[in-house]
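[1] my questions concern the predicted model and sequence given below.
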Amino acid sequence: MSAALRRFAEPSGTLGNDKMRNRRAALTRIATVWFRGTVLRRALVLVVLAGLLTLLGMFLRGHPSRRGLRSLFRKDQLDLFGVVVPIAVQKEEVSLRALLRYWDSSQWPNGTWPCARAAPPGSLRSESPRHAPDLVVFSAQPLEEEAKRRLRTEFQSGRATRLCFRELRFASCGLGDQVNVYKMSWDGFVVSEYNGPLLMFLCATYHPALYHRYQYALWMEPDVVPVRGDWLHVVEQEALRAASEGRLAVQGGCAPDKRKRYDGWRNGSPALYQLGKYASMRFRDCFEQLHCKPMERNTCNYAWDAYLYGCGLLTEQWRQDLDNTCRFLHVGSAWQGLTDRFQWDDLRNRTGIDKVVLFHSAHVLHEAHTVLEKLHERVREEERTGMSGGESRVAN
């Protein structure tokens, strides 16, 4: 044993104390085993120590991914998900009635209740989530206290909100007017200097008010239309599946694109997104990998869901981390090129489109309503007359 190590093992003061002798003997045995051990044994010990230190570092840094140790301790302490309604541009009068206007069947014919407790008597297929989630109003700038009081009053007086949600919460990003901008050209490119919604999304994924409470956020923009009662129960099932599989996101999409690929669409809202430092870093890495640097001018020319879809095409790891569901659907992708019964049946059979609970967006849904009615009329006519699908087309 080296002289330095002997000095370390030698206790200061009187050696008559039994505790001192035992400590010295233990250190001596450890040193003897170490210096007499084989190179392989020493290497194995170093590898084990390095692994333990790595896990400890991940824990102390708050690594919240499924691969991190801390998630094992935090998972049971967090709610499964919260419903986050973003307000990109703050108006003078913010109201739940305006933000959630498409939930209310009295304001919008397709609107429906979020859970069984708020359903009309005698409603079919109505279930409630196991745990009522929070409703979070997420704004670019902090709301005034008067606006918060007004929203809380609406929350308590509204049947759907009071009975289906646990609590109304508020969070904000503090985005300045210079960066909280968004302008899109007719051909689908973001032409403003900054991409305000993308910055809002990144802010939400690592916002303490969110990731300290929820594993996932259901990103639900105000123009999303619920089309089936008990949709909160369905969202809960999707969130449970995402958590069990460790998904970073579950986006809406299952309709065919121009190449007839049924996984070719990813809709950013409504969608479930994992929260926390790890998830936020992965999303940012995806953007930068596709040459989008969120805080630099004129570099993020697409919506964040388009970037995530692009990353899903790049690597197998991203394909595993991102998932999609037909229960959240963008109407435009469903009706584009859908002209006869065969196409409708094919889409329905291969994607389970009858299970859709949330449509985006209300504007597209309104335009597609006429197409849907004509399509159903053609289907009924074919069933009566026995005409083949190829002979029938939806009228323009």
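    Great, that's in hand.
[2] all the strands of this protein, residue numbers only.
    Using DSSP state E, the strands found in the chain span residues 79-87, 135-139, 168-172, 214-219, 224-226, 249-252, 267-274, 322-325, 328-330, 358-360.
[3] turn those strands into CSV, columns for mean pLDDT and mean neighbour count.
    To be clear about C-beta, it is placed using only N, CA and C from the backbone, and glycine gets the same treatment. CSV is the format used below for the strands of the chain (pLDDT from 0 to 100; neighbours: other C-beta atoms under 10 Å):
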stretch, mean pLDDT, mean neighbour count
strand 79-87, 95, 21
strand 135-139, 96, 23
strand 168-172, 96, 18
strand 214-219, 97, 26
strand 224-226, 85, 25
strand 249-252, 89, 25
strand 267-274, 91, 27
strand 322-325, 86, 22
strand 328-330, 78, 27
strand 358-360, 82, 25
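[4] ok, which of those comes nearest D104?
    Checking the strands of the chain against D104 by C-beta to C-beta gives strand 224-226 as the closest, at 9.8 Å.
[5] related to what we said a few turns ago, can you redo the strands of the chain as TSV with distance to L202?
    TSV is the format used below for the strands of the chain (distance: least, C-beta to C-beta, whole Å):
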stretch	distance to L202
strand 79-87	12
strand 135-139	12
strand 168-172	14
strand 214-219	12
strand 224-226	20
strand 249-252	13
strand 267-274	10
strand 322-325	16
strand 328-330	21
strand 358-360	20
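[6] quick one: closest of those to L53.
    strand 267-274 (26.3 Å).
[7] what helices or strands is the closest one leaning on?
    For strand 267-274, the elements it packs on are helix 196-205, strand 214-219, helix 231-245, strand 249-252, helix 304-312, strand 328-330, strand 358-360, judged by 3 or more C-beta pairs under 8 Å, 6 or more residues apart in numbering; DSSP states H and E.
[8] sheet-wise, list the partners of it with their directions.
    Here strand 267-274 is paired, per DSSP bridges, with strand 214-219 (antiparallel), strand 249-252 (antiparallel).
[9] burial measure for the closest residue in space to L198 that isn't next to it in sequence, as a count.
    Once flanking residues are discounted, L198 sits nearest to W304: 4.6 Å by C-beta to C-beta, 6 or more residues apart in numbering. Neighbour count of W304, defined by other C-beta atoms under 10 Å: 25.
[10] same deal with the one 4 residues further on?
    When counting by other C-beta under 10 Å, one arrives at 25 neighbours for L308.
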